[in-house]
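[1] fold the following, please.
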Amino acid sequence: MDKKKSQNKSDLALWRSWYLYPAWLLLFWLVFFAFFRLVFLFRFVYLWPGPTNGSTFTSLFYGLPLDASLTAYFLAIPLLIWVGHLLVNRPFSAGMERGLLGYSYILLNVCTVLLVCNLILYAEWQIPLNIRAFSYLSSPQVIWESLGWIPIILYFLAYLVLSYYLFGLFKKTMNSRTVRARVPIMLRVLVVPFVFGGLLFIMRGGAGRLPINESRAYYSRHLFENHAATNIVWELVKNVQEKSPDTNPFIYTSEREAREALAPLFVGSDTIHEKRFTLLESNQQPVNVVLVIMESMGAQVIGAMGGLEGVCPNLDTLIAGGFLFDSCYSSGYRTDQGLTSLLSGYPALPDESIIFRNLKAQKLPSLPKSFRTLGYQSAFFYGGATDFANMGSWLHQQEFDLFASIKDFPVVQRTQNWGVDDRHLLLRSVNDMSTLEQPFFSTVMTLSLHQPFDTPGPRPYKQAGAAGKYLNSAYFADSALGEFMAAAAKTDWYKNTLFIFSADHGHPLPSDWYQDIAKVRHMPLFFYGPALNKSLRGKRFSSICNHHDLAGTLLAAFGLPHSEYPWSRDVSTAQVPFAYYSFEGGLGWISPEGMVFTFFNSGDVHVQAGEDSPERKKRSEAYLQILYDDFLSK
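    Prediction:
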């Protein structure tokens with residue numbers, strides 16, 4: 001009798017072990033994602049939003065639905081095989097068990113790689129790993145140089161250790177779950193609908209009418225906490241599924257209503273309205289144009305724009321003698337977006353970069369081509385590799401007469417990970433511009449103020465972390481600009497030149513704000529030089545605008561048509577001041593009434609200044625809807 005009881009207990013244990021196989025798989029993956037969420041939280045502890053009262057750790061709870069949904073998809077194949085074996089009451093063969101372990105090993109490696117990459121890229125972008133990031137893999141050496149080799153090696157070692165121990169833990173946990181048990185056929189059959197019904201329930205995120213989406217993880221007004229709760233792998237898979245350049249994901253209303261809401265924003269951006277300023281001296285002809293695009297030069301480090309004093313004294317001096325647009329904002333946050341904004345007057349899109357779409361990008365107008373109609377020669381100078389972010393392909397289509405990039409500089413001048421530092425670049429550009437036939441349109445794009453902020457020279461700021469590095473690099477970039485202007489002033493072409501200084505985009509540093517904060521996009525745009533109207537020197541224009549308004553404003557000043565640049569306003573005549581900005585997380589709108597940001601996933605509105613209003617929301621949504629329609633139509 002005792003022997004029979006012992007056998008029954010053994011069978012019960014085997015039964016429980018076999019039937020708990022799905023639960024153990026689910027638990028393992030939930031713990032796996034929770035572990036990486038904790039790593040993410042402590043890796044970026046400096047980004048925690050002040051006194052959290054535990055709200056940051058609440059991301060562990062709010063992240064569960066997406067974690068569970070992704071896990072349910074992972075388990076579909078193993079549980080289908082498990083059910084088949086269950087119905088015939090047969091344990092996994094050695095080969096089948098190895099196959100299932102191999103399947104899990106692949107998933108573990110893919111997830112570990114993606115989650116480690118998210119840690120790397122979040123440090124630079126403060127945006128979770130997304131489908132756009134893979135567009136930059138065409139030039140991985142530039143990415144490695146930007147991030148630095150030591151962090152890459154450390155992360156790679158961490159990946160090897162994690163993948164080894166995680167798979168070992170998985171194998172150890174699962175080995176005891178693949179046993180045979182003597183269970184009646186009816187019980188085995190009844191298990192099937194429960195398993196697949198539960199799997200479908202978890203995949204959809206519940207029994208609601210709509211399936212789960214990213215908004216389930218958005219619980220906080222602080223973007224970092226929402227990013228922590230979001231399952232990066234789940235979102236990437238969803239991005240891949242939804243990636244379609246043929247449909248507009250930002251449809252808010254009918255096209256007619258959207259255009260009606262948009263129309264007032266562009267009233268006055270033409271030649272029939274009286275100008276509020278005239279850029280050029282009337283007797284200054286011909287006029288050379290030199291556009292300096294400063295990498296990541298945000299207003300936070302420019303004292304003349306309300307930023308930190310003393311970081312950029314040369315810019316402060318230039319602004320004091322120039323004409324500053326002191327309420328200018330970037331629509332995007334990447335260099336590729338900044339290039340097309342400044343040279344083509346095209347705003348940044350939240351989830352696309354037109355420069356990656358060759359056929360679409362080819363249809364954009366550009367300042368070098370427009371000035372070519374006046375007989376201008378053109379030049380482009382950059383100290384980095386132009387194959388990054390498909391920039392080289394698009395830039396060469398602009399038909400610059402003189403083009404210089406990293407390969408055109410001696411190795412000894414490549415003093416930074418990204419390439420040639422600003423001092424060497426800018427001084428070289430002065431010499432090369434002297435070889436051009438006047439008048440010319442020249443663009444110089446700097447790179448020293450790009451992560452990892454490894455500029456040469458003195459480092460007066462002792463502040464720890466990325467903020468201190470950013471300040472030192474800004475100081476260096478500014479000193480290089482001072483030398484550039486001093487050298488340019490000695491040339492023959494200087495006396496007939498209009499200089500334009502702008503940034504490709506703003507930057508979260510040194511304040512460590514997030515991309516939804518309007519102040520991150522605040523950036524310089526100013527005109528300077530002998531060709532600038534004397535009455536404007538030392539003056540400011542405070543009307544709110546975007547830096548993609550440069551093209552319309554500049555071309556109008558030269559008497560050139562700018563109808564090809566429908567998104568770039570001539571702000572000297574524009575009647576409605578506003579600025580648009582966006583990124584994958586949402587849509588921002590800046591007007592005299594205030595600053596508002598709307599999150600795509602949750603629909604929450606973050607009012608940063610002033611008050612929210614239905615009219616502003618309607619205008620911002622109309623702007624994005626028609627902009628995206630325009631992108632798709634190209």
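[2] burial check on S602, number of neighbours?
    19 (other Cβ atoms under 10 Å). C-betas here are computed from N, CA, C, even on glycine.
[3] not counting its neighbours along the chain, what's nearest it?
    Y218 (3.9 Å; Cβ to Cβ, 6 or more residues apart in numbering).
[4] now do that neighbour, the pLDDT please.
    Per-residue pLDDT puts Y218 at 73.
[5] can you pull out the strands in this structure?
    288-294, 323-325, 328-329, 377-382, 402-404, 440-445, 497-503, 525-528, 539-541, 545-546, 579-583, 586-591, 594-599, 605-610 (DSSP state E).
[6] ok, of those, where does mean pLDDT dip lowest?
    Taking the mean pLDDT of the strands of the chain, strand 605-610 comes last: a mean of 87.
[7] what residues of that strand count as buried?
    H606 (16 or more other Cβ atoms under 10 Å).
[8] the inter-axis angle of it versus strand 594-599?
    Angle of strand 605-610 versus strand 594-599, following axes from the mean of the first three to the mean of the last three Cα atoms, to 10 degrees, is 170 degrees.
[9] report all helices and strands that strand 605-610 contacts.
    Secondary-structure packing of strand 605-610 (3 or more Cβ pairs under 8 Å, 6 or more residues apart in numbering; DSSP states H and E): strand 594-599.
[10] show me where the stretch 301-450 of the chain has helices.
    Secondary structure of the stretch 301-450 of the chain by DSSP state H, counting those that start in this stretch: the helices cover 313-320, 335-344, 358-361, 367-372, 391-396, 422-433.
[11] got the contact list for P577?
    Applying Cβ atoms under 8 Å, 6 or more residues apart in numbering, one finds that P577 lies in contact with S327, S543, I544, C545, S591, P592.
[12] can you do 10 Å?
    L265, S327, S542, S543, I544, C545, R569, V571, I590, S591, P592 (Cβ atoms under 10 Å, 6 or more residues apart in numbering).
[13] hang on, the last one packs against S613?
    No. No contact is recorded between P592 and S613 when judged using Cβ atoms under 10 Å, the distance being 11.9 Å.
[14] what's the separation between G383 and D504?
    14 Å (Cβ to Cβ, to the nearest Å).
[15] overlap in contacts of those two?
    Joint contacts of G383 and D504 (Cβ under 10 Å, 6+ apart) are E295, M445, T446, L447.
[16] could you double-check that the first one lies in contact with T446?
    Yes. The pair E295 / T446 is scored as a contact, 4.9 Å apart, by Cβ under 10 Å.
[17] so what sits against both of these two?
    Residues within reach of E295 and of T446 at once, by Cβ under 10 Å, 6+ apart, are Y382, G383, G384, D422, A477, A503, D504.
[18] want to throw the residues you listed into CSV with distance to Y21 and neighbour count?
    Below are those laid out as CSV (distance: Cβ to Cβ, whole Å; neighbours: other Cβ atoms under 10 Å):
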residue, distance to Y21, neighbour count
Y382, 57, 29
G383, 58, 30
G384, 53, 26
D422, 60, 27
A477, 59, 29
A503, 56, 28
D504, 53, 28
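[19] out of the residues you listed, who's nearest R256?
    Set against R256, the nearest of these by Cβ to Cβ is D504 (35.2 Å).
[20] tell me the pLDDT of the closest one.
    So D504 comes in at 97 (pLDDT).
[21] leaving out chain neighbours, which residue sits closest to P211?
    Leaving aside its chain neighbours, P211 sits nearest to R204 (4.6 Å; criterion: Cβ to Cβ, 6+ apart).
[22] now do P264
    Take P264 and drop its neighbours on the chain: the residue closest to it by Cβ to Cβ, 6+ apart is V576, 5.9 Å away.
[23] give the contact list for the residue nearest to P211.
    So R204 contacts S69, A72, L210, P211, I212 (Cβ under 10 Å, 6+ apart).
[24] hmm, try it at 8 Å
    Residues in contact with R204, defined by Cβ under 8 Å, 6+ apart, are S69, P211, I212.
[25] pLDDT at the second one, what is it?
    To tie it back to what came earlier, the one meant is P211. 76.
[26] next: the first one.
    According to the per-residue confidence, S69 scores 91 in pLDDT.
[27] that one: neighbour count?
    S69, neighbours per other Cβ under 10 Å, totals 22.
[28] test my guess that it contacts W234.
    Yes. In this structure, S69 is within contact of W234 by Cβ atoms under 8 Å, at 6.4 Å.
[29] where does the stretch 501-634 of the chain have low pLDDT?
    Within the stretch 501-634 of the chain, no range satisfies pLDDT under 70.
[30] closest to D401 out of the shared contacts of E295 and T446?
    Closest approach to D401 among those (Cβ to Cβ): Y382, at 15.3 Å.
[31] tell me what the closest one is bridged to.
    M445 (DSSP bridges).
[32] what sits against it?
    Counted by Cβ under 8 Å, 6+ apart, Y382 has contacts A404, S405, I406, L425, V444, M445, L447.
[33] sorry, back to before: let's see if you can find the most crowded of the contacts of P577.
    R569 (30 neighbours).
[34] if we can go back for a sec, let me have the contacts of R204 in TSV, extended by distance to F484.
    Compiled in TSV, these are given as follows (distance: Cβ to Cβ, whole Å):
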residue	distance to F484
S69	53
P211	55
I212	53
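[35] quick one: which of those is nearest N358?
    P211 (34.7 Å).
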